[in-house]
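Okay, structure incoming, though there's no sequence with it:
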């Protein structure tokens, strides 16, 4: 489904357009700023948290001059936003392998960001860019969300360090220095109630293998293995590995970036 020029020429202050690719986000931003007098804030999941928070503050400030928000479903993750209306650019999202229609839980989580109590817009609205997507939106909004049967848990670094201290001599020396082995031991010994489970460690193990042999504290290793990196992205993994090696050697390791829109 291609983005049609002019689809967002009638947005209004407080609107949030939700899209699921960086390409669409910035195409929508350019279109809105070309066709309307409004400026846009942009929020997506891989933005550093401080930048996400800064964009949220600008959007929430009625005097900032930034009246429109263009965002991914990252807006459903802990940000307080003054959203009048959610506009779904599409009801479909790719997971990197397949493109699937949004579930009713995802739709409701995103739509629920409009019309928050104690915001400038206590009553929110939600709609789609495409008329043919409206039937799915209506079905999702009318569908009850089933109660959660189980919840996933992942240990914090303080819990892992307490585990090491409590187990004392029962933990091999190598596991005390290797976050991957330590997570495996914790996973084997943890006892949980039936309504909880430990989160999958496969991606964490893949990152921990990059760190093997590096002189890093457990705290540093934990930061790396919990980084939001796709382990099937070779470039991202290589970048993380170089950064970790630099950290282990005491070097400042920069990341090459370019300004969006620059060649």
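Yep, that arrived. Values in this document were obtained by computation on a predicted structure and should not be read as measured data.

Show me what the helix or strand of the chain with the lowest mean pLDDT is packed up against.
Between all helices and strands in the chain, the lowest mean by mean pLDDT, DSSP states H and E belongs to helix 173-177, at a mean of 86. Counting by 3 or more CB pairs under 8 Å, 6 or more residues apart in numbering; DSSP states H and E, the packing neighbours recorded for helix 173-177 are helix 179-189. In short, each C-beta sits where N, CA and C put it, glycine included.

How far does the least confident helix or strand of the chain sit from its chain's centre?
32 Å (CA atoms, centre = their mean, to the nearest Å).

any residues touching it, and which ones?
Defining contact as CB atoms under 8 Å, 6 or more residues apart in numbering, one finds that helix 173-177 is touched by 164, 181-182, 184-185, 218.

what about 6 Å?
181-182, 185 (CB atoms under 6 Å, 6 or more residues apart in numbering).

Could I get the buried residue list for that helix?
Within helix 173-177, the residues that count as buried by 16 or more other CB atoms under 10 Å are residue 175.

again with stretch 179-198
179-186.

quick one: terminal-to-terminal distance for that stretch?
16 Å (CA to CA, to the nearest Å).

Give me the neighbour count for residue 170.
10 (other CB atoms under 10 Å).

Redo the contacts of helix 173-177 as a markdown table? Include distance to residue 43 and pLDDT.
What follows is the contacts of helix 173-177, written out as a markdown table (distance: CB to CB, whole Å; pLDDT from 0 to 100):
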| residue | distance to residue 43 | pLDDT |
| --- | --- | --- |
| 181 | 37 | 93 |
| 182 | 34 | 93 |
| 185 | 38 | 92 |
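
Closest one of those to residue 209?
residue 181 (10.8 Å; CB to CB).

contacting residues around the closest one?
By CB under 6 Å, 6+ apart, the neighbours of residue 181 are residue 175.

switch the cut-off to 7 Å
Residues in contact with residue 181 (CB atoms under 7 Å, 6 or more residues apart in numbering) are 174-175.
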